[in-house]
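# Mind looking at a prediction? Sequence and model below.
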Amino acid sequence: MKKLLLSATAFLSLVVTTGNAQTKQISPCATYKAQEYYIQNIPGYKEKLEIANAKNAQEFESYKQKLIQDKAAHRSTTSNPASYTYTIPVVFHILHMNGPENIADAVCIAALDQVNKDYARQGSDVATIDPLYAPLYVNSNMHFVLAKKDPYGNCTNGIVHHYDENTEWDQSNLYNYKYSTVGTYNWSSSRYLNVYIVDAIIPQGSVLGGGTIVGYTHLPGTAPNTGSDAIVYNCHFLNLTDARSLSHEIGHWFGLSHTFGGTNDAGVICGNDDIYDTPATAGFYSTCPNYITLNDSCDPGHRPNMQNFMDYSGCPKMFTQGQTDKMRFSAESATANRNYLVDTTNLVFTGLYTKSIVSINPNTNDTIFSYAVAPSATCSPVADFYATKAKSCQGQVVAYNSTSFNNTTGLTYSWQFEGGAPATSTLATPSVTYSVPGSYSTTLTVTNVAGTSTKVRTPFIDVSWHVDQVAYPSMEGFENVSYLLPVGWTSINKDYGSLSWQLANYGSLGSSKCMILPNANNVGMTLTGKNVDILETNQFNFNNTTGITVSFDYSYARKPGVTGDVFKFEYSTDCGGTWTAMPSSPSATLLSQSGGTVTAPYVPYSQSKWATKTYPALSLGPLNGKSDVKFRFWFQNDPTASAQNLYIDNFNITGTVGLDELENTIGLSIYPNPTTASSTLEFTSPVNAKVNVTVIDVMGRIVEENNFDATAGALTKYSVNRNATLKAGIYFVSLSLNNQKITKKLIVE
């Protein structure tokens, strides 16, 4: 997984150079890019957005008039008459695969401390703010505090670590927000400001140079669903003043636009944020010019507020009074339940405040309560774990690792491995083998002085059998498949409800069947996930096999203008637990050369539309001697465009089974080869033996088979294609001698 190393703040480091000398541009925010995507792909979202924006604008205008009246009535000596502090309960959801993205709690704590300094006008660089705008930067009286109670009412430190592959976050997949939905015991956005910390954000729309997104969120009332009313943030931008990008996203979450308007493209066209004290501007991208000489043609005569947190400049330092008014308005508004979030009732629910009875009116039975900041507490640990793989083979090692969180000081571990050896362990990172195939549960209990927690996953590990040694070639032309898939093959569809791999009634080399991924008109990134489809083969045993070659036929076309499809052909040596790309695997671009560019659903009626990919023995050395090998075809649509149909046929594996000495011992030969008619298979068996000779074509069909006895020490001859009925082509002649098998290639001209 490629990591991006930064040396300065997220705003300053908008253009960086990676280790391979490629320039990558950083997008500080993708809020409006995501919004554009939802407008195009979610029916009714545009109307929802327009209604929410109009409602917020109208209500904010009324709020501003009230502020003007309040200021006149109180004659406040400060520029900010608001004295009530809004407390916002925050929870960080760290999504990780137990890599560097599983950041320490201290990083989140420090980042939130920087956010609070930004909102309280306590930044270390306040003295360097443009004097024209410095008086407008006030304490917002908005304080962000890590939640102290989870939705169950249990003690939490407000930082939750989730072992979750969605750390490679897809902006289009609204189901990724599974921890902040309105479901029972979820971290609802009406109770918590949820911040998803991820390793990378897959963009919607263009990011110049294929760059990196820092974060994004939704303005109040504009989230596509309740779960997505949260902030998503790149874990590599939380350190030191990088966290000011988080202050930026929180500004969006409380209703602020960019100073240059509702776009993610700074420095392009003049825009404004409808805040009375931020002049119109095109915005600044990764620059910090001298504010004294600065003049913005978007608002002649008015110096732009370049140092604003909601700009993209290289020196963000402040909010204005008008922006503070807008954020406090959002905190008081019923839109998206922001007012409930900061209500004392919710602050008690999230553990930030305690509630006690002061008195009860004996006449009315009305109860008077008092509220106080809740004291800090030491929470019990929360057990969690992962394994290096969820699938394995009998006898292979599975490594486990505790990813427990909340309080890990002085933890002890108690593991239980159903069906495993050992059956129990007290290590933090035990290794386990499973001798009997099946599906097994795993249990972890962690304990320290603060308490005990148990995590059970059932089932958690799937263990497969070894397969017996087989003769090669092994061929699958799908001709004998009567329903869905060949025996042992699996179709994996990660986007539920969409079509996946299935049989088609035409194939390569004039055959009648093949496998098709009917992807025509499917859009890559749908609301149900990345459009990834996998066709996985059965298991192969190469334990006593050398000279392995693999080939398959394919046919594929692309829609005009589509370039982002991804194809991979991979192998696994642990029953599908982990996968490795085959060397020189054809890309989707190479695949499309077979069918070209086609708008209508693609069908390869012509044999010229098929091509063959062959992996020679020289490139497959890592598979020699392996006993638990699987292959798979992996395809993902272009993220923003519709795809085409993909066809696979004639999956073939050849190899030599057994020791070369066997072939030498029996003096095996086949001649003439090539031949225009019949050939003679000749050998001498050292013992009396049962013999089977099978001839197989390149589509895996048995075209000739015979059984007979061989006498010890006697020369045995067998005529292959005795009646000269085989068509010109390549065939594989398999000789089984008392269940020891050898395969030879035969060419008929």
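Nice, I can see it.
# Distance check, Phe651 against Ser474.
Between Phe651 and Ser474 the computed distance is 9 Å (C-beta to C-beta, to the nearest Å). All C-beta atoms are positioned from the backbone trio N, CA, C, and that covers glycine.
# my bad, should have said Phe708
24 Å.
# Between those two, point out the one with more neighbours.
Neighbours around Phe708 and Ser474, counted as other C-beta atoms under 10 Å, are more numerous at Ser474. The numbers are 19 against 11.
# Not counting sequence-adjacent ones, nearest residue to Glu168?
With C-beta to C-beta, 6 or more residues apart in numbering as the criterion, Glu168 has its nearest non-adjacent residue at 5.5 Å, and that residue is Ala200.
# Tell me the pLDDT of the one you found.
With respect to pLDDT, Ala200 scores 89.
# tell me the contacts of it?
Ala200 makes contacts with 167-169, 212-213, 234, as judged by C-beta atoms under 8 Å, 6 or more residues apart in numbering.
# Strands of the stretch 201-350 of the chain, residue ranges please.
With DSSP state E, counting those that start in this stretch, the ranges of strands along the stretch 201-350 of the chain come out as 212-213, 215-216, 231-234.
# Which one, of these, ends up nearest to Asn102?
Asn102 sits nearest to strand 231-234 of all the strands of the stretch 201-350 of the chain, at 14.1 Å, using C-beta to C-beta.
# Quick one: mean pLDDT over the closest one.
96.
# which other helices and strands contact that strand?
strand 193-198, strand 200-202, strand 215-216, helix 244-253 (3 or more C-beta pairs under 8 Å, 6 or more residues apart in numbering; DSSP states H and E).
# Which is the succeeding secondary structure element to the longest strand seen in the chain?
Secondary structure of the chain read by DSSP state E shows that its longest strand is strand 451-464. Next helix or strand after strand 451-464 toward the C-terminus (DSSP states H and E): strand 474-476.
# which outside residues touch the helix or strand following that following strand?
Using DSSP H and E, the helix or strand that directly follows strand 474-476 along the chain is strand 490-493. Identification of contacts with strand 490-493 by C-beta under 8 Å, 6+ apart yields 484-485, 499-502, 533-536.
# Determine which two of those residues are furthest apart.
Most distant of the contacts of strand 490-493, by C-beta to C-beta, are Leu499 and Glu536, 16.9 Å apart.
# So which of these two has more stuff around it?
Between Leu499 and Glu536, counted using other C-beta under 10 Å, the more crowded position is Glu536 (21 against 15).
# Am I right that the more buried one is in contact with Lys630?
Yes. With contact defined as C-beta atoms under 8 Å, Glu536 counts as touching Lys630 (6.2 Å).
# what residues do those two have in common as contacts?
Gly576.
# of the helices and strands packed on strand 231-234, which approaches Gly351 most closely?
The closest of the helices and strands packed on strand 231-234 to Gly351 is strand 193-198. By C-beta to C-beta, the value is 14.5 Å.
# Neighbouring strands of that closest one in the sheet, and parallel or not?
strand 86-96 (parallel), strand 231-234 (parallel) (DSSP bridges).
# Pull the distance from the last one to the chain's centre.
Offset of strand 231-234 from its chain centre (C-alpha atoms, centre = their mean, to the nearest Å): 14 Å.
# Walking through the protein, point out its helices one by one.
Here the chain has its helices, by DSSP state H, at 31-41, 45-74, 105-119, 244-253, 321-332, 338-341, 344-349, 588-592, 660-666.
# most packed of these?
Ranked by average neighbour count under the criterion mean count of other C-beta atoms under 10 Å, the helices of the chain are headed by helix 244-253 at a mean of 25.
# Show me what that helix is in contact with.
9-11, 28-29, 31, 111, 114-115, 118-119, 144, 193, 195, 214-220, 231, 233, 237-238, 309-310, 316, 319, 323, 327.
# Figure out how far that helix is from the centre of its chain.
Computed by C-alpha atoms, centre = their mean, the chain-centroid distance of helix 244-253 equals 24 Å.
# ditto for stretch 694-703
Using C-alpha atoms, centre = their mean, the offset of stretch 694-703 from its chain centre is 42 Å.
# what sits up against that stretch?
By C-beta under 8 Å, 6+ apart, the list of residues contacting stretch 694-703 reads 473-477, 479-480, 509, 511, 649-650, 652, 704-705, 720-721, 726, 729-734, 736, 746.
# and if we set it to 7 Å?
473, 475-477, 479, 509, 511, 650, 652, 704-705, 720, 726, 729-734 (C-beta atoms under 7 Å, 6 or more residues apart in numbering).
# Cross those against strands and list the overlap.
Short answer: the contacts of stretch 694-703 in strands (DSSP E) are 475-476, 650, 652, 704-705, 720, 729-734.
# Of those residues, just the buried ones, PyMOL syntax please.
Buried subset of those, written as a PyMOL selection, criterion 16 or more other C-beta atoms under 10 Å:
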select buried, resi 475+476+650+652+704+720+731+732+733+734
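# Farthest-apart pair in the ones in strands among the contacts of stretch 694-703, please.
Glu476 and Val720 (22.9 Å).
# List the residues that contact Asn407.
378-381, 448, 450.
# and with 8 Å instead?
If you count contacts by C-beta under 8 Å, 6+ apart, then Asn407 has 157, 378-381, 448, 450 around it.
# With Ile159 instead?
Counted by C-beta under 8 Å, 6+ apart, Ile159 has contacts 91-92, 94, 105, 108-109, 146, 405-406.
# Tell me how far Asn480 lies from Leu746.
Taking C-beta to C-beta as the measure, Asn480 and Leu746 are separated by 22 Å.
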